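Q: What shape does this take:
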Amino acid sequence: MRIDKYLWCVRYYKTRNMVTEACKKNHVTVNGLVAKPSKEVFPTDKITFRKDQITQIITVLDIPDNRVGAKLVDIYRKNETPAEVYEHLELLKLSKEHYRKNGTGRPTKKDRRDIDEFGNEIKTDAEETE
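A: Sure, this is the predicted structure:
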């Protein structure tokens, strides 16, 4: 089965066109070699691809006949992506939310004063420790 069809069948990408674009940008490798969309995939092949700021590593266990349901995906692939990668992604999401909530607009004068005051507290704490 072609790599683009396989990644679409095991639900890593929503459309085959998205997989094709990822292959053209050299985001997909099979057994360490950059893969074109037409590259054939066989059981025991190791596929590495970059999606959503995560480098996914999967091993092909079997070839599906058609696109499979989400519950059946584990029959056809083994996910070998380290858990630290997912934890890092969660930390990235939390750090982005920390600064400002979406839709709150520009900082007000009070927000700016609070930020300045917080910066001054850090400076005075550093001077006291010296």
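Q: who's in contact with the closest residue to I58 other than its chain neighbours?
A: In this structure, I58 finds its nearest non-sequential neighbour in R77, 4.7 Å apart by CB to CB, 6 or more residues apart in numbering. (C-beta placed from N, C-alpha, C; glycine too.) By CB atoms under 8 Å, 6 or more residues apart in numbering, R77 lies in contact with 10, 58-61.
Q: quick check, nearest of the residues you listed to L33?
A: V60 (14.6 Å; CB to CB).
Q: is it true that the closest one touches T44?
A: Yes: the criterion here is CB atoms under 8 Å, and V60 meets it with T44 at 6.6 Å.
Q: out of those two, which sits in the busier spot?
A: Between V60 and T44, counting by other CB atoms under 10 Å, V60 is the more crowded of the two (20 against 8).
Q: What distance do you get for that one to F118?
A: Separation of V60 from F118 (CB to CB, to the nearest Å): 51 Å.
Q: N79 too?
A: N79 is 41 Å from F118, by CB to CB.
Q: now do W8
A: Distance of W8 to F118, computed by CB to CB: 48 Å.
Q: Between those two, which is the more surrounded one?
A: W8 (19 against 9).
Q: Doesn't that one lie inside a strand?
A: No: under DSSP: H, G, I helix; E, B strand; the rest coil, W8 sits outside any strand and is assigned helix.
Q: For it, give its distance to F42.
A: 17 Å.
Q: Then I115?
A: Taking CB to CB, one finds I115 at 56 Å from F42.
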